[in-house]
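A.B. asks: Sequence and predicted structure, then a few things I'm wondering about:
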Amino acid sequence: MTVIRSADSRIKAVLGPTNTGKTHLAIERLCAHSSGAIGFPLRLLAREVYDRVCAIKGADKVALITGEERIEPKNARWLLCTAEAMPVHADLSFVALDEAQLGADRERGHIFTDRLLHARGRDETMILGSATIEPLVRSLLPQAEIVSRPRFSTLRHNGAKKLSRIPPRSAIVAFSAEQVYAVAEMLRRFRGGAAVVMGALSPETRNKQVALYQAGEVDYLVATDAIGMGLNLDIDHVAFAGLSKFDGVRQRRLLTTEMAQIAGRAGRHQRDGTFGTLAGTGGHDAEFAPEEVYAIEEHRFPPLTRLFWREAEPRFDSLGTLIADLEAKPDRAELAAAPESIDLAVLKRLSEDTDLAGSVRGHAAVKRFWEACSLPDFRQSGIDTHSRFVARLWQDLRHGELGGDYVAQAIADLDKPNGDIDTLQMRIAAIRSWAYIAQRPDWVLAREEMAARARAVEAKLSDALHARLTERFVNRRTAVLMKKLGPDAGLLPVRIEDDEVLVDGEHIGHLAGFRFRVDPQARLADRKLLLAAAERHLPDALAQRGKVLLEAITAGSGALTFDGPRILWDGDPVATIEPGRSLLRPQVTPDAALAGLPAPLRQDIVAALSAWLDGQLAALAPLHTLATATTAAEAGPELRALLIRLVEAGGTLVRAGSGIDPLDKAQRDRLRRLGVSVGALDLFVPAMLKPAALTAWRALLAIRGVVIPAPVPSMPPVVALPTKAVPPPGYRALARQAVRLDIAEKLLRAAHGARVAAGGKPFVLDPALAVSTGLATLSYAQLLRLGGFTASVPRPLAPGVFGPPQPPRWRWRPARRGESPSDDPKGAAPSGAFAALAELVR
């Protein structure tokens, strides 16, 4: 039965064409409420708005929730989601759904229809979409307030133009990867290059290609219809390379609403735009019909007559019941049963397998099986291949969670940034599947770690794909320009004076390290001609600068410094330190600006930087010793596990929970021979309690984005510690001080020595040793309490009797079994100076 969730709050439908500020309005309303969520049609759009809301509300209060990525701070109150991932029944003040007209989409329509019918805010609900959905909103949500938004700018048809006549700042839209590549290749040859945007690209690659266009490095964008949604671009003209596409079922002509969605990318805010077709790409069918032009220019489209619907809360009694509910028909005329999507097709295909279906018994198993079948087919591999992948996944999920080693290996197999454009696209699609799997709360052991690995591999593959696209369609821009300009560019005089670059006496930019930065205010009659001349002469200057850098590295120049994961030379980045095969062995990646150097010189610089880095991290030799010992089979699994934790913690571990207790005497002796001190409170490597070692460790963690406090330069025994501050590395926090780990152990050993000498009776501790280190009374008392001691409170003086001041010596004894440090062994109420001491040990 079709149920529409009622709402006591206001429901507002903001409808209109593209470029009407609907999304901006939704963001304003979201931020005006105490909590809220917006569901978007695309992950990249959710990410873009997430960044904007973070800038307003703070990253600790904003969440990003998509199928492949989840950033959920503990106190998040504003959620930016994909429509599939948005929480429908969450108690939020404000809820909005973007692009609600996608309820008529064959593949995802039922998702948007469900959110339209059920997603409600406590105080306000907002529906954003095209005006074509207005009749359905009025029928399904009669209480909704309809607000029409006019487009800020106008669209004008500009006819058909040859590719050579397409003006700069244009987007050419094609409907197949082959056609996109062909158009981009022609633009590379005749117009210097083009950015490429396709639905098959990862969101990161799409954003970088868009940034290439937005920054003006190229004047043309070649895209599929993925450009029609979620990308805000400075486009003046949209040219259609065709007007038909394959929709998954058949080849058909675009609907006028689809044409308008794409053409609406032209113009922004109050700047008008134009649209047309690419001449020479087809016959009469490749031209806009007059009625289509009228509809697009006047924003007049036939209204939608129905939305696709599917039961959003099916029963999980059995597979048969589940399939029946998912294939149920709606009971309202405005709704139509959704076409069979990939998740339902996979469910039905696998249900036909008798052995597999026999393993799905009971409500919980059926629900878990449906969740597995709902894994998106990111690879677009088709029902047969995707069903086999889901079947293999289910064989593991039916018994519990996927093992961390298994998932890690699957992710590592895709961590290969080599290959051509198509190969990288396939790997990105595959890693998106694993990113989705790793995000599920009960599918993977070590979920957060595996999700982080998947995101890191996706980012690396996206970087590689962006580089391949740029290399193929943009990087030859200078060579093509030089060929077009002929020898004239080479005749222009070029000088470099104090890093300032002058062409024919005109200042056009400067060199920052190995980067040439163009002066945006340069007065140039022919900008391209002069820039080409500068780029012809720059390689010689850069090569000379590279030799100077190599000499500085070899000589151990102080001009080389760390800046987080970057290596700077005189303040300019020359390389990035990236995680290597192990924590202690990072690798050096040259900065992109060094790409202009001759290959042999660049290789020499990288080798020299690697040697320099080894020298900077030489103080970590004790950790390398421990890391080597982790591979020794004779050490035993318990000791190897402890050594791994020590290496990952930088040579210091809190003893409690460290794994030291199960070690036998031989293993403990081996641990000491490796240079590890086993203290009462901590395990530590004394050699790592030195400024050089801790500085090197801090730099190593920065490579992986982990920030720890800076080490104290001279490493004194005791340092002051502000309230709630994190102690410096190598120190333990005690009240308002921090004591170095080896000093804490020395004091506790002295206390235990006094205990042994007392033969089990209460004993007196001389605070002279603690005082000599600078440790305060309160801090010393807390240290002893942590070490297992408790105060023996003396009898109070008789009323009216005053004695001499108490000397700075304390009476302590080991805590008895079952007794807390705050227990009073003599039954007397503490008073005077001992009252403060008794309060302290509580």
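C.D. replies: That came through, no problem.
A.B. asks: Considering only helices and strands, which part of this protein has the lowest mean pLDDT?
C.D. replies: Of all the helices and strands that make up the chain, the one with the lowest confidence by mean pLDDT, DSSP states H and E is helix 832-841; it has a mean of 31.
A.B. asks: hey, which strand is longest across the chain?
C.D. replies: As assigned by DSSP state E, the longest strand anywhere in the chain is strand 572-582.
A.B. asks: quick one: strands adjacent to whichever helix or strand comes after it?
C.D. replies: Beyond strand 572-582 in the direction of the C-terminus, DSSP states H and E gives the next helix or strand as strand 585-590. Looking at strand 585-590 with DSSP bridges, its paired strands and their directions are strand 572-582 (antiparallel).
A.B. asks: can you tell me the average pLDDT over the strand it pairs with?
C.D. replies: The predicted model assigns strand 572-582 a mean pLDDT of 85.
A.B. asks: And it, what's buried?
C.D. replies: Within strand 572-582, the residues that count as buried by 16 or more other C-beta atoms under 10 Å are D572, P573, V574, A575, T576, I577. Using the backbone N, CA and C atoms, a C-beta is placed for each residue, glycine as well.
A.B. asks: do the same with stretch 637-657
C.D. replies: In stretch 637-657, counting by 16+ other C-beta under 10 Å, buried: 639-640, 642-647, 649-653.
A.B. asks: what do you get for stretch 152-168?
C.D. replies: Applying a neighbour-count criterion of 16+ other C-beta under 10 Å, one finds F152, S153, L155, R156, H157, N158, A160, K161, L163, I166 buried in stretch 152-168.
A.B. asks: which non-adjacent residue is nearest the last one?
C.D. replies: In this case it means I166. Setting aside the residues directly before and after it, I166 is nearest to A239 in space (C-beta to C-beta, 6 or more residues apart in numbering), at 5.6 Å.
A.B. asks: count of residues packed around that neighbour?
C.D. replies: 29 (other C-beta atoms under 10 Å).
A.B. asks: In terms of pLDDT, where does it sit?
C.D. replies: Looking at A239, the pLDDT reads 94.
A.B. asks: now for the helix or strand hosting it, which elements pack on it?
C.D. replies: Here A239 sits within strand 237-240, counting by DSSP H and E. Taking 3 or more C-beta pairs under 8 Å, 6 or more residues apart in numbering; DSSP states H and E as the contact definition, the neighbouring helices and strands of strand 237-240 are strand 170-173, helix 256-263, strand 273-278.
A.B. asks: at 7 Å instead, please
C.D. replies: With contacts taken as 3 or more C-beta pairs under 7 Å, 6 or more residues apart in numbering; DSSP states H and E, strand 237-240 sits against strand 170-173, strand 273-278.
A.B. asks: Residues touching the first one, excluding its own?
C.D. replies: Translated: strand 170-173. In this structure, residues lying in contact with strand 170-173 by C-beta atoms under 7 Å, 6 or more residues apart in numbering are 166, 183, 220-225, 227, 235-241, 262, 265, 278.
A.B. asks: which stretches of the stretch 1-150 of the chain form strands?
C.D. replies: Ranges of strands within the stretch 1-150 of the chain are 10-15, 36-40, 62-65, 70-71, 78-82, 94-97, 124-129, 145-148, based on DSSP state E, counting those that start in this stretch.
A.B. asks: who touches the residue nearest the centre of the chain in this structure?
C.D. replies: Centrality entry for the chain: nearest residue to the mean C-alpha point is R455, 6.4 Å, by C-alpha atoms, centre = their mean. Contacts here follow C-beta under 7 Å, 6+ apart; on that basis R455 touches E69, A435.
A.B. asks: which SSE is it in?
C.D. replies: When elements are assigned from DSSP H and E, R455 belongs to helix 447-473.
A.B. asks: pLDDT (mean, whole number) over that helix?
C.D. replies: This predicted structure assigns helix 447-473 an average pLDDT of 88.
A.B. asks: buried residues in that helix?
C.D. replies: Burial within helix 447-473, assessed by neighbour count using 16+ other C-beta under 10 Å, is assigned to 447, 450-451, 453-455, 457-458, 460-462, 464-470, 472-473.
A.B. asks: for stretch 721-732, same thing?
C.D. replies: By neighbour count on 16+ other C-beta under 10 Å, the buried set for stretch 721-732 is L721, P727, P728, P729, G730, Y731, R732.
A.B. asks: when you check the residues you listed against the helices, which ones overlap?
C.D. replies: Filtering the buried residues of stretch 721-732 for membership in helices, criterion DSSP state H, returns an empty set.
A.B. asks: From V685, how far out is the residue lying closest to A627 once chain neighbours are set aside?
C.D. replies: Distances taken as C-beta to C-beta, 6+ apart put V647 closest to A627, at 5.1 Å, once the chain neighbours are dropped. According to C-beta to C-beta, to the nearest Å, V647 and V685 sit 10 Å apart.
A.B. asks: Which parts of the stretch 501-650 of the chain are strands?
C.D. replies: Assigned by DSSP E, counting those that start in this stretch, the stretch 501-650 of the chain shows strands spanning 506-512, 515-518, 560-563, 566-569, 572-582, 585-590.
A.B. asks: now the fifth one against helix 447-473, angle please.
C.D. replies: What that stands for is strand 572-582. Here strand 572-582 runs at 130 degrees with respect to helix 447-473, directions being taken by axes from the mean of the first three to the mean of the last three C-alpha atoms, to 10 degrees.
A.B. asks: Show me how far strand 572-582 is from its chain's centre.
C.D. replies: Its chain's C-alpha centre and that of strand 572-582 lie 19 Å apart, by C-alpha atoms, centre = their mean, to the nearest Å.
A.B. asks: any residues touching it, and which ones?
C.D. replies: If you take C-beta under 7 Å, 6+ apart as the criterion, strand 572-582 is touched by 512-513, 549, 565-568, 586-591, 594, 609, 613, 627, 703-704.
A.B. asks: Give me the buried entries from the residues you listed.
C.D. replies: Applying 16+ other C-beta under 10 Å to the contacts of strand 572-582 flags 513, 549, 565-568, 586, 588, 590-591, 594, 609, 613, 627, 703 as buried.
A.B. asks: ok, which pair from these is furthest apart?
C.D. replies: Taking C-beta to C-beta as the measure, the buried ones among the contacts of strand 572-582 reach their widest spread between G513 and A627, a distance of 34.4 Å.
A.B. asks: State the next helix or strand along the chain beyond the strand holding A239.
C.D. replies: Downstream of strand 237-240, the first helix or strand assigned by DSSP H and E is strand 244-246.
A.B. asks: Isn't L319 up against V360?
C.D. replies: Yes. Applying C-beta atoms under 7 Å as the test, L319 and V360 come out as touching, 5.9 Å apart.
A.B. asks: Mutual contacts of these two, please.
C.D. replies: Here L319 and V360 have V366 as joint contacts, going by C-beta under 7 Å, 6+ apart.
A.B. asks: that older thread, contact partners for the residue nearest to A627?
C.D. replies: For V647, counting by C-beta under 7 Å, 6+ apart, the contacting residues are L583, L623, L626, A627.
A.B. asks: Can you lay out the residues you listed as JSON lines showing distance to G109?
C.D. replies: JSON lines is the format used below for the contacts of V647 (distance: C-beta to C-beta, whole Å):
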{"residue": "L583", "distance to G109": "48"}
{"residue": "L623", "distance to G109": "56"}
{"residue": "L626", "distance to G109": "57"}
{"residue": "A627", "distance to G109": "54"}
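A.B. asks: Any of the residues you listed buried? List them.
C.D. replies: By the neighbour-count criterion of 16+ other C-beta under 10 Å, the contacts of V647 include these buried positions: L583, L623, L626, A627.
A.B. asks: What pLDDT is listed against the last one?
C.D. replies: Turning to A627, the model gives it a pLDDT of 89.
A.B. asks: rewinding a little: show me which parts of the strand holding A239 are buried, residue by residue.
C.D. replies: The neighbour-count criterion (16+ other C-beta under 10 Å) identifies H237, V238, A239, F240 as the buried residues of strand 237-240.
A.B. asks: Make sure the second one is actually in contact with G264.
C.D. replies: No. Under the criterion of C-beta under 7 Å, V238 is not in contact with G264, lying 8.3 Å apart.
A.B. asks: residue boundaries of the helices in the stretch 351-500 of the chain?
C.D. replies: Shown for the stretch 351-500 of the chain, the helices assigned by DSSP state H, counting those that start in this stretch span residues 354-358, 363-373, 383-397, 404-413, 421-439, 447-473, 477-485.
A.B. asks: Kind regards, and thank you for your time.
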